[in-house]
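K.L.:
Sequence first, then the predicted structure, then my questions.
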Amino acid sequence: MTALLYRSSLRYLLRHSWQLLLAVLGIALGVAVVVAIDVASGSAQRAFELSSDAITGEATHQIVGVSGGIPQDLYRHLRVDLGVADIAPVVEGDLAVSGHENRALRLLGVDPFAESRFRAYFANALQSGFDLTKFLTVPGAVLLDRDTADELGLKPGNSFGVVVGGANRKLELIGYLEGGDDLTREAISEVAVVDLATAQEALALGGRLTRIDLIVPADAQQEKILGLVRQDLPPGVELQSASATRDTANQMTRAFRLNLQALSLLALLCGAFLIYNTMTFAVVQRRHLLAVLRAIGTTRRQILLLIVSEALLLGLIGTIIGQVAGIALGKSLVGLVTQTINDLYYVVSVRSITVDPWTLVKGTVVGLGTTLVAALAPALEATSTSPRRAFETVELEDRVHRAVPAVTLLGVLLIGLGCGLLFASGKQLVPAFVGLFAFLMGATALTPIFTLGLMTIATPLAGRLFGQLGKLATRGVSATLSRTGIAVAALMMALAVTVGVDLMILSFRSTVEDWLEYSLPADFYVSAFDSPARRYASGSSFDPELFDSIKGIPGVVSTTALRHFQAMMGDTPVRAMAMSFVDESRSAFSFVEARPSDVWTLLDTGEGVVVSEALAYRRGLERGDRVSLDTPSGQADLEVAGIFYDYSSEQGILMLSRDLYRHLWADDSLTAISVYLSDSADPRRVKVELLKLLGDWPRVQVVSNRELRDQSMRVFDRTFRITGVLRTLAVIVAFVGVLNALLALQLERTRELGVLRAQGMTPGQLWRLISQQTGLMGLTAGLLAIPVGISIAVIMVTVINRRSFGWSLELQIVPATLAQAVGIGLVAALLAGLYPAWRMSRTSPAEALRSE
Amino acid sequence: MLLATAIFLTCQREGTSVSVPPTTTLVLTNLLARGDTEGYQRATEPRTFSFPDDHGAHPDFRNEWWYLTGNLTSADGHQFGYQFTLFRSAITPDDPDRQSDWATRQLYMAHFALTDVQANTFHASERLSRGAVGLAGVTTEPFRAWLDDWEIAGDNPPPFRLRAGTDALGLELELTSAKPTVLQGDRGLSRKGREPGNASYYYSMTRMPTRGVVVSGLKTYAVQGSSWLDREWSTSALEPSQTGWDWFALQLSDGRDLMIYQLRLEDGAVDPLSSGTIVSMDGTSERLGSSHFSIETLDWWISPATRIRYPAAWKILVPTEQIELTVTPRLADQELSLSVVYWEGAVQVRGSSNNRAVTGDGYVELTGYGDPPRRKPTQ
């Protein structure tokens, strides 16, 4: 009996191979997107962790400077005066190999005499006997991993060009690093090891170190040694455990990775609908057969098992294909993910894709689990009906129609739950995503009632426009709600997600564009740092005389001096910027709910500081609060005079007047200068003068406001490229879903359409009927997707983005985006109707009547 | 005291160096093994010494060292021997023209060994550093020679202060000088080889009353005793035919100090260039040629750690000075198994000087007795 059951099942699946193929494709795509995102962001994260570990080595603690490194004399002091033996100085930076622009390496400057216990691959390299004299005495002597050297086509003795800190340099490969196991080898492939002297010179660090590594075992002596070290640290220098560094990096990208994961789950959700749809069809189409089977004695259990096995088989095939495709897709996405991480957070280059076994487990669970859940409802439906009633299709539709109020109620409840979660979850990101998903599911559950409503309204209209045929189309949609409902819901969901994500990106983009427009009022920006990401950590700075010389250039009407640094606020470092305000520069700031004049008064008198919106959000600061800053002249207690809009840093920025900074930090140096020109000045000539003046400075960038704006927008667009890719993937999954649903729906109607043909309907009329019906469904989905999509955009802009990055964005509702959603819905639906219409019109009525 | 040259020699013979411990310690050995003397100053003829300048570094010579050894006793009779050496080595003839303060051609290595006679323990340790950014170096006014927190410092003339070791095993001493500075060899030019320039500039303070504290075996001892300072700089010294040497620095109870070294040749014979110096109670010194003394080995000891066989007791005769001494190590195992392997230890002396019975303390250094162990890199 069982064998017979499975034979009938196989027969059915083979006869509906189109459907079968699309269902497998849907599952595969859903799984592939989830796996791909996991692989891409996992590989980027692992690459960063590996190279971090390689760089940290055996260190248990690190002494780090919150602003621009630490004075090298601190190292001498610890070693020589205090006798702390297990310490090693480190100078670290990033470099790009000329001619291999995408090959970023971490430049690691070490002292060979202090290294032995810290980084084994260096000690191993010493063992293997590279020329230490060269390493110490030849400027630019570097050690690379052997594979990295091969990849760059280098042999010992070869010189090669690199870009370090914005300047071109020459390095000479003098030997290889020796990683013991594969893991170390992979980790060191990202590292270029040089002598500390070379690193200081390459990064123009002067007498500063990036950090000091310590090995202080957790024994009785630990607190004593740490205490000894701590008591002699100058202000702005911190002792922290080595694991804290990695945690910080992980923390930085957490929101970014979470957003990617949520988007990949959306794609899967579309995939799940597809499976649900396929399985429902598989049951609905076989109601008659199943009823016969039940009537001749097959048990409910057997039927349930049969349906579930079918689903699992499809799920398994889809999952396997999805895993393979996901890994391949992950490989192409990893570049986008890394690019964003490089732009926004830290430098990492991924050389090999790592597939965490957990990713595959996750993909399998997600693929099979979703299939099972999606198949369960139709399977239970198939077994719960009594055999006699199952012969009647009408009964099914009746039941579906009766269930509409319950589904609608469920939808309303889900939306309520989602909104509740969004409002009640404070600053947490995960519940916000759960809330978003609940909202989306709720909105999807409203699709049937919306469809019925729309069809009721549309029937008279369709009748007037297309006559009897039009009415036939709208009523057909309502009458076959058990099948059309799901197809419309899947399409609606995909379209709503597209609308939501598109609106969010557009809002984000226009907010940033507006902000860039007013926040960059100067004509030229002269900076001592090479990349914006490094400006708060860079050790390089200008002397104040340069500021005066620039003022003297003809055509320059005004200049603003800036000093980027890191301040300690409580126990945590915060990015800070000191600025000398002139009237021109004040327009660069726009404050949240405050009279600008009040804010400026407090800033100018040095009584207050302002914080960026992201910082205020992160630290829970409000106007009028007081912040306590660690300064070389002691604790400074300052008022938060205002909160300003800023989209340059998601960590947030604190700003104060340069006079106050000079007073508290006793530091005159500058990191950047904004230059304002008179209306009559020729920017090109001023730039020439500027460059002439800056000729003696080793690494200075002069950028015009236009270039800076363009640069910023380029970074912005790069950042959202991955989001765009994911959105497109979700649409493809949904499209496949709709195609599948509509195709099945129309094919199933073969008999019904055969009757119509037999009664005299022409192939052209048939074609019109089918396209009108699928078009109506696409339209329904598109129309419903507009309010749902806008709601998603609102949630993303006001909740998800705010909690991820702390920025407030101005929501833009762009009609074109909404129209586009309706357009995509219509096109997808019409395309889906093409094949069945073509097939039906070519089938003779007699054959059509016989076929089922 | 010829140790640095020993390193040089050992490495020339071995080609590569040892790996004990398997890390940077071999570094300096490698550096010292470079044979190119081009561009460095050479010790070719006697020079005028002037202090405090000559306590300081002579950066244009390739190698240099500050070498202290001594025997110390606590009030309750606990005996210690110590050795502290700071080696300097230049890796290129010219100073680098670079921006970073870390760029240098001067590297430093320090060895510290402590013999606790009653506890029957011997500990030796080593440190390396570049001579830059204040991590290691030598200054003359005031005099200070240091690497990390190990240092010799003081005025000219002494007292010098020596601090070395760790909180758990180390010492802090104050040394004065009881005799004038002795210029070894020919007015301070000590020839080691036949080639002109294969020589060093060499002076000593042979008797330095010493007091201070020693920390050993979880106890702190107030100690006093006598130390010996050797200062030597050169660019090249030994020649390939010379396999090693036995060096003796002995302080006798009648007030005389005896320094002799015996260079051993490949064929087992003693090199006629071996020599020594006898310093009288009032500080006047006289050179001893190789024909003036003889050294007979009375016993041997095999190191359990390296399997190297070292002489372990000696009969020393200096007929012209009417000296006849038996020298025995205070501990058998005073082998330093560091980047280079050698034996350097506290010894006690019995015998006669000018026909009167004498006792004495001293230090002996034995190099070139075996191949250094070739351990595989362990990481």
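P.N.:
On my side now, so go ahead.
K.L.:
Going by C-alpha atoms from here, please, whenever you check contacts or count neighbours.
P.N.:
Will do.
K.L.:
A:A125: what's it in contact with?
P.N.:
By Cα atoms under 8 Å, 6 or more residues apart in numbering or on different chains, the contact list for A:A125 reads A:175-178.
K.L.:
Check which helix or strand A:R802 maps to.
P.N.:
helix A:801-805 (DSSP states H and E).
K.L.:
list the helices and strands the next helix-or-strand element following that helix packs on?
P.N.:
Next along the chain after helix A:801-805, taking DSSP H and E as the criterion, comes helix A:815-842. The helices and strands touching helix A:815-842, judged by 3 or more Cα pairs under 8 Å, 6 or more residues apart in numbering or on different chains; DSSP states H and E, are helix A:481-519, helix A:705-748, helix A:763-795.
K.L.:
that older thread, tell me the one of the contacts of A:A125 nearest chain B?
P.N.:
Closest approach to chain B among the contacts of A:A125 (Cα to the nearest Cα): A:E178, at 10.0 Å.
K.L.:
residues in contact with the helix holding A:R802?
P.N.:
So helix A:801-805 is contacted by A:255-256, A:427-429, A:614, A:650-651, A:807-808 (Cα under 8 Å, 6+ apart).
K.L.:
thinking again about what came up before, quick check: of the contacts of A:A125, which lies closest to A:S8?
P.N.:
Nearest to A:S8 among those: A:E178, at 62.5 Å, using Cα to Cα.
K.L.:
So that closest one is in contact with A:F130, correct?
P.N.:
No. Between A:E178 and A:F130 there is no contact under Cα atoms under 8 Å: 10.7 Å.
K.L.:
tell me the contacts of the closest residue to B:F51 other than its chain neighbours?
P.N.:
Closest residue in space to B:F51, ignoring its immediate chain neighbours: B:N156 at 7.2 Å, by Cα to Cα, 6 or more residues apart in numbering or on different chains. Contact analysis of B:N156 by Cα under 8 Å, 6+ apart lists B:51-52, B:143.
K.L.:
In strands, which of these fall?
P.N.:
Using DSSP state E, the subset of these located in strands is B:F143.
K.L.:
Kindly indicate which of the contacts of B:N156 lies nearest A:T280.
P.N.:
B:F143 (93.0 Å).
K.L.:
That closest one touches B:F51, doesn't it?
P.N.:
No. Using Cα under 8 Å, B:F143 is not in contact with B:F51; the gap is 10.2 Å.
K.L.:
Please identify which of those two sits among more neighbours.
P.N.:
B:F143 (19 against 10; other Cα atoms under 10 Å in any protein chain shown).
K.L.:
Does the more buried one have any beta-bridge partners, and if so which?
P.N.:
B:G154 (DSSP bridges).
K.L.:
any idea how far it is from chain A?
P.N.:
As defined by Cα to the nearest Cα, to the nearest Å, B:F143 lies at a distance of 16 Å from chain A.
K.L.:
gap between A:F48 and A:P235?
P.N.:
29 Å (Cα to Cα, to the nearest Å).
K.L.:
try A:L107
P.N.:
For A:L107, the distance to A:P235 equals 27 Å [Cα to Cα].
K.L.:
More neighbours: which of A:E178 and A:F130?
P.N.:
A:E178 (22 against 16).
K.L.:
Contact partners for the more buried one?
P.N.:
Applying Cα under 8 Å, 6+ apart, the residues near A:E178 are A:121-122, A:124-125, A:128, A:145, A:185.
K.L.:
same check, this time on A:A197
P.N.:
So A:A197 contacts A:109, A:136, A:139, B:100-103 (Cα under 8 Å, 6+ apart).
K.L.:
and the longest strand for the chain?
P.N.:
Since no chain was named, I'll use chain A. strand A:556-569.
K.L.:
Let me rephrase: I mean chain B.
P.N.:
Chain B, longest strand under DSSP E: strand B:199-216.
K.L.:
List the buried residues of whichever helix or strand comes after it.
P.N.:
The element immediately downstream of strand B:199-216 (helix or strand, assigned by DSSP H and E) is strand B:219-234. Neighbour counts over strand B:219-234 (16 or more other Cα atoms under 10 Å in any protein chain shown) mark B:221-234 as buried.
K.L.:
now swap in stretch B:322-338 and tell me
P.N.:
For stretch B:322-338, by 16+ other Cα under 10 Å, it's B:323-338.
K.L.:
Does chain A have contacts with that stretch?
P.N.:
No. Taking Cα under 8 Å from any Cα of the partner chain as the criterion, stretch B:322-338 and chain A are apart, separated by no less than 14.5 Å.
K.L.:
measure that stretch end to end?
P.N.:
38 Å.
K.L.:
Next, count neighbours for A:E310.
P.N.:
If we define neighbours as other Cα under 10 Å, then A:E310 has 20 of them.
K.L.:
Kindly report the same for the one 3 residues further on.
P.N.:
The local packing of A:L313 (other Cα under 10 Å) involves 15 other residues.
K.L.:
what do you get for the one 5 residues further on?
P.N.:
Using other Cα under 10 Å, A:G318 has 27 other residues around it.
K.L.:
which residues of chain B score low on pLDDT?
P.N.:
By pLDDT under 70, the weakly predicted segments of chain B are B:1-35, B:237, B:371-379.
K.L.:
just the contacts of A:A125: which has the poorest pLDDT?
P.N.:
Lowest pLDDT of the contacts of A:A125: A:E178, 78.
K.L.:
isn't A:V84 right next to A:L78, touching?
P.N.:
Yes. In this structure, A:V84 is within contact of A:L78 by Cα under 8 Å, at 5.6 Å.
K.L.:
Please say which of the two ends up with more neighbours.
P.N.:
A:V84 (22 against 19).
K.L.:
No more questions from me, cheers.
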